[in-house]
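In: Quick one, fold the following:
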Amino acid sequence: MSKFSKKPIGPAAPATSPATGGGLAQVRAALANPYISAGGAGLLFLLTLSALVLIIGDPKAGLPVVRLPLAQAVVAAAPPGWREALTAEGAGPGVTEEVFELSESPLADDGPSGEAVITLPGAKPARHRQPLPAAPLAGLSAPGPNGPLPVIAPDGRTPAQAYARPFTANGKPRVSLVVGGLGLNSRATREAIETLPPEITLSFVPYAEGLQGWIDLAREHGHEVLLETPMEPVDYPDNDPGPYTLLASSPAAETTRRLEWILSRATGYFGLTNYLGSRFLASDPAMAAFTTALRTRGLAFVDDGQAAGRGLGVPRATAGRVIDEQLSTEAIDRQLLALEAQALERGQALGSGFAYPLTISQVAAWAQGVEQRGYQLAPASALTRR
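Out: Below is the predicted model:
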C-alpha cells in the first residue's frame, strides 16, 4: 500500500451490487419529483374508483327518469324560440324578467272553441246572465259640450225605457236592491258586477276612471245602471260630494250646466240617483230645475230615501231602507229580511246599499234563496212610477 493511501474513518458502508443500488436511488429521485408524485396520486384515485364501480355498479343507473309531455295549449302559448333556446350550444343558465298580464276573472268555456275551464273548489255555477245591448243605442244620444248626452229618440223611446233591464212580473212580491259607490275601487266593482245577480241594479260614481268600460261590463253581465249625482248636503262644504256638485242656491241654468257635465261622463244608464244631497233635495227650486232636466232627456230618478215624494213628473222610485248603515253580517241580514217583510206588505220594496265587500257578499248569499222564499227579485227600474 502506498504511504499516501488512507482508510475511511467511521463505520463501514454496506455493500451493494451495482444493480440494486442504482435502482433504489432512481426510485428515491422519482418520488422526490412533485409532478410525478401528484400524477401517481391521481392514478391511484382513478384505479380505486374503477374498482368501486365494478363492485357496486354505476350509481346513476338506478335513478328514475321522468319525461313529461308538453300539452298543445302550453306549446302554443310558449314564446317564439323557446325550444331552440333549450338546445343552443354554449348557452348557460340565465334569469329573464318578464311581465305577464293575468285576467282578473276565471277562464270560462265559450262553447266549441275549446277554451280552458277553471273550476274553483266549492264554486257554484254562475246564474244565467242575458247581456243587455251595448250602449249607446241608436237615437238615444247627441253630442254635448263635454261629451254625448242622453236624448229622447225620434220614435219616442227614452233612455229610461231603452237602458232598463227587461222585466216580466210573475205576481209575487217584488224585491229590488241598488248597490252604489261603484267605479272607484276596481276589485269591489268587479266583484259586484260578476257575483251579484243581474237583477241587482248598480250605480256608478261619475268621477270613476274608465267609467264607460265599467258600465259596459255591467251591462254585459245583465245589470242595468244608474249614474250617481253629487248633491249639496246640509254640511257643505265641510262635506263636499265632489266637482260639479248640484247646489241648492244655484240658478236653474247653472244646475242644468253642472248636470250636463255629469251626464256626459258615459252612456248606457237608465236614470240617476243621488249622492248625499240633504240640502239640495229639500229645495223646491233646485228640485224643479233638476226634474225638468231629467224629463227633457227621458231619464228616471231613484233616490236613497231622502227624496220620497219629491221630483215627480219623471219615472221615480225611492229606497225604503239602507241595508248597511250598520256594517255587520247580522245587521245586513236583518235589513234584508225587513225588506222582504215590506215587499210582502206592500207588494214591492226597494233597498239600497254601498259596495262594501261585506255588503256584496251578504247580498249575493241572500239573493240565492229569495225567490225560493216566495219573492221575485226585480231591477229597480221595474219599481219606478211616474
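In: quick one: buried residues of stretch 305-317?
Out: Buried positions in stretch 305-317, judged by neighbour count with 16 or more other CB atoms under 10 Å: 306, 307, 310, 311, 314, 315, 316, 317. (Glycine included, C-beta is placed from N, CA and C.)
In: My error: substitute stretch 171-188 in the last question.
Out: Buried, per 16+ other CB under 10 Å, within stretch 171-188: 172-183, 185, 188.
In: Just give the closest residue to residue 321, not the sequence neighbours.
Out: Nearest non-adjacent residue to residue 321, counting by CB to CB, 6 or more residues apart in numbering: residue 351, 5.4 Å away.
In: where in the stretch 51-200 of the chain is pLDDT low?
Out: 51-128 (pLDDT under 70).
In: Hmm, I typed the wrong one, I wanted the stretch 251-386 of the chain.
Out: In the predicted model of the stretch 251-386 of the chain, no residue satisfies pLDDT under 70.
In: change it to 80
Out: Low-confidence segments of the stretch 251-386 of the chain (pLDDT under 80): 386.
In: hey, where'd the helices end up in it?
Out: Secondary structure of the stretch 251-386 of the chain by DSSP state H, counting those that start in this stretch: the helices cover 252-263, 278-281, 284-297, 329-346, 357-370.
In: Only alpha carbons, please: show the third one as PDB.
Out: The one in question is helix 284-297. Extracted C-alpha coordinates of helix 284-297, given in PDB (Å, rounded to 0.1, in the frame of the first residue of the first chain):
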ATOM      1  CA  ASP A 284    -138.200  73.300  -4.300                       C
ATOM      2  CA  PRO A 285    -136.500  75.500  -6.900                       C
ATOM      3  CA  ALA A 286    -133.400  73.200  -7.000                       C
ATOM      4  CA  MET A 287    -135.600  70.100  -7.400                       C
ATOM      5  CA  ALA A 288    -137.700  71.800 -10.100                       C
ATOM      6  CA  ALA A 289    -134.600  72.500 -12.200                       C
ATOM      7  CA  PHE A 290    -133.300  69.000 -11.700                       C
ATOM      8  CA  THR A 291    -136.600  67.300 -12.600                       C
ATOM      9  CA  THR A 292    -137.100  69.500 -15.700                       C
ATOM     10  CA  ALA A 293    -133.700  68.500 -17.000                       C
ATOM     11  CA  LEU A 294    -134.400  64.800 -16.400                       C
ATOM     12  CA  ARG A 295    -137.800  65.000 -18.100                       C
ATOM     13  CA  THR A 296    -136.200  66.700 -21.100                       C
ATOM     14  CA  ARG A 297    -133.700  63.900 -21.500                       C
END
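In: Contacts for that helix, please.
Out: Identification of contacts with helix 284-297 by CB atoms under 8 Å, 6 or more residues apart in numbering yields 149-152, 159, 246-248, 250-252, 255-256, 259-260, 263, 271-272, 280-281, 300-301, 307, 310-314.
In: and what of the second one?
Out: Taking contacts as CB under 8 Å, 6+ apart, the residues outside helix 278-281 that touch it are 231-234, 236, 246-248, 274, 286-287, 290, 303, 306-307, 310-311.
In: Drop the exposed ones from the residues you listed and show what's left.
Out: Using 16+ other CB under 10 Å as the burial test, the contacts of helix 278-281 include 231-233, 236, 246-248, 274, 286-287, 290, 303, 306-307, 310-311 as buried.
In: Closest one to residue 136 out of those, please.
Out: Nearest to residue 136 out of the buried ones among the contacts of helix 278-281 is residue 290 (CB to CB; 22.8 Å).
In: Report the separation between the closest one and residue 255.
Out: Remark: distance between residue 290 and residue 255 (CB to CB, to the nearest Å) = 6 Å.
In: How about residue 284?
Out: For residue 284, the distance to residue 255 equals 13 Å [CB to CB].
In: More neighbours: these two, which one.
Out: Of the pair residue 284 and residue 255, residue 255 is the one with more neighbours under other CB atoms under 10 Å, namely 23 against 9.
In: What's the local residue count around residue 268?
Out: Using other CB under 10 Å, the number of residues around residue 268 comes to 26.
In: Who are the contact partners of it?
Out: Shown in contact with residue 268 (CB under 8 Å, 6+ apart): 134, 135, 136, 163, 212, 215, 216, 219, 225.
In: number of nearby residues for the nearest residue in space to it that is not next to it in sequence?
Out: Leaving out its chain neighbours, the residue that sits closest to residue 268 by CB to CB, 6+ apart is residue 135, at 3.0 Å. Per other CB under 10 Å, the neighbour tally for residue 135 reads 21.
In: Confirm residue 135 sits in a helix?
Out: No: residue state for residue 135 (DSSP: H, G, I helix; E, B strand; the rest coil) corresponds to coil; a helix is not indicated.
In: phi, psi of it?
Out: phi -90, psi 150 (degrees, to the nearest 10).
In: for residue 171, same thing?
Out: In terms of degrees, to the nearest 10, the main-chain angles of residue 171 are phi 90, psi -10.
In: Against residue 376, how distant is it?
Out: For residue 171, the distance to residue 376 - CB to CB - is 8 Å.
In: swap in residue 138?
Out: In terms of CB to CB, residue 138 sits 31 Å off from residue 376.
In: which of the two has more neighbours?
Out: residue 376 (20 against 8).
In: wait, what's in contact with that one?
Out: Here residue 376 is in contact with 169, 170, 172, 173, 174, 175 (criterion: CB under 8 Å, 6+ apart).
In: how many neighbours does residue 143 have?
Out: Using other CB under 10 Å, residue 143 has 9 neighbouring residues.
In: cool, residue 160 as well?
Out: By the measure other CB under 10 Å, the count of residues near residue 160 is 22.
In: helix/strand/coil for it?
Out: Three-state assignment for residue 160 (three-state DSSP): helix.
In: Tell me who's in contact with it.
Out: Residue 160 is in contact with 270, 271, 298, 299, 300, 314, 315, 381, 384, counting by CB under 8 Å, 6+ apart.
In: List phi and psi for the third one.
Out: By that I understand residue 298. phi 70, psi 40.
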